[in-house]
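Peer 1: Test case, fold it:
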Amino acid sequence: MNLEFNEDQIDALREFMNVSIGAATASMANLLDAFGTMHIPKIEICNSDELADKIEASIDSNSMYFVIKQLFTGKFGGECMFVISQESALNLGNYLYNAKNSSYDDISDAVLELTNILTSTIISRLTQELDTQVQFFVPSLQFLDSTSVVSDDDVAEYSKIIIISTVLDFEDKQIKGNIYVLTKDKAIESLKILIDKKIEEIYG
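Peer 2: The predicted model follows:
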């Protein structure tokens with residue numbers, strides 16, 4: 001199984017993700033009525049046992065996090081993970097519910113609402129770019145420390161994982177979170193096929 005991407009495939013995937021992230025940023029701006037940015041997506045392939053270290057390296061080890069994971073399946077399948085610190089989640093809950101100290105339930109609801117828009121917009125737009133469709137599963141929400149974001153179950157039975165990551169940043173509202181799209185083994189092969197088909201259509 002060849003799970004490596006060539007330069008053209010990486011460039012095409014990054015361009016598709018830029019379009020998807022632009023759409024998601026606009027959706028987030030509508031929800032929060034504020035200006036926000038998303039960083040240029042980073043794309044890397046790693047061994048499954050490296051995933052935890054890579055994600056831990058991109059977040060603050062001293063914070064607690066709301067971690068939302070949502071599986072999607074189709075010709076291109078995988079998992080979307082949104083990781084937002086307790087502080088940012090509280091700012092989000094207070095802002096959305098116009099409160100000074102939102103309850104845990106309100107914060108959880110706010111994070112799930114934000115994640116639902118993020119996930120559905122990014123993945124739906126990405127799969128639209130790739131001329132395919134996916135089905136979403138019900139998301140899960142956990143409150144974890146930085147070392148527990150990735151569990152053994154997340155990497156069990158997989159050899160390679162492609163990580164597409166970006167940062168959502170609404171600086172004025174002090175709301176910031178990390179978004180990861182994770183795709184594994186056979187789904188990586190399927191993704192390469194979809195990208196190659198799209199490259200051929202565009203460049204003939």
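
Peer 1: next helix or strand past the worst-scoring helix or strand of the chain on mean pLDDT?
Peer 2: For the chain, the helix or strand with the lowest mean confidence is helix 152-155, at a mean of 79 (criterion: mean pLDDT, DSSP states H and E). Once the chain leaves helix 152-155, the next helix or strand it forms, by DSSP states H and E, is strand 160-170.

Peer 1: Let's verify Ile43: helix, strand, or coil?
Peer 2: Judged by DSSP: H, G, I helix; E, B strand; the rest coil, the three-state class of Ile43 is strand.

Peer 1: before we move on, back to that, buried ones in the least confident helix or strand of the chain?
Peer 2: If you call a residue buried by 16 or more other Cβ atoms under 10 Å, then helix 152-155 has these buried ones: Asp154, Val155. All C-beta spots, glycine's among them, are computed from the backbone N, C-alpha and C.

Peer 1: Show me what that helix packs onto, helices and strands only.
Peer 2: On a contact count with 3 or more Cβ pairs under 8 Å, 6 or more residues apart in numbering; DSSP states H and E, helix 152-155 meets helix 51-57.

Peer 1: Could you name the helices and strands sitting against the helix it packs on?
Peer 2: helix 152-155, strand 160-170, strand 175-184.

Peer 1: Could you export the ones you listed to a markdown table, including columns for distance to Leu92?
Peer 2: Putting the helices and strands packed on helix 51-57 into a markdown table (distance: least, Cβ to Cβ, whole Å) gives the following:
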| stretch | distance to Leu92 |
| --- | --- |
| helix 152-155 | 24 |
| strand 160-170 | 9 |
| strand 175-184 | 5 |
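
Peer 1: lowest-confidence stretch among those?
Peer 2: Among the helices and strands packed on helix 51-57, helix 152-155 carries the lowest mean pLDDT, at a mean of 79.

Peer 1: Restrict it to CA atoms and write it as CSV.
Peer 2: Extracted in CSV, the C-alpha atoms of helix 152-155 (Å, rounded to 0.1, in the frame of the first residue of the first chain):
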residue,chain,number,x,y,z
ASP,A,152,-4.9,4.4,22.3
ASP,A,153,-8.3,3.7,20.5
ASP,A,154,-7.6,6.6,18.1
VAL,A,155,-4.5,4.9,16.7
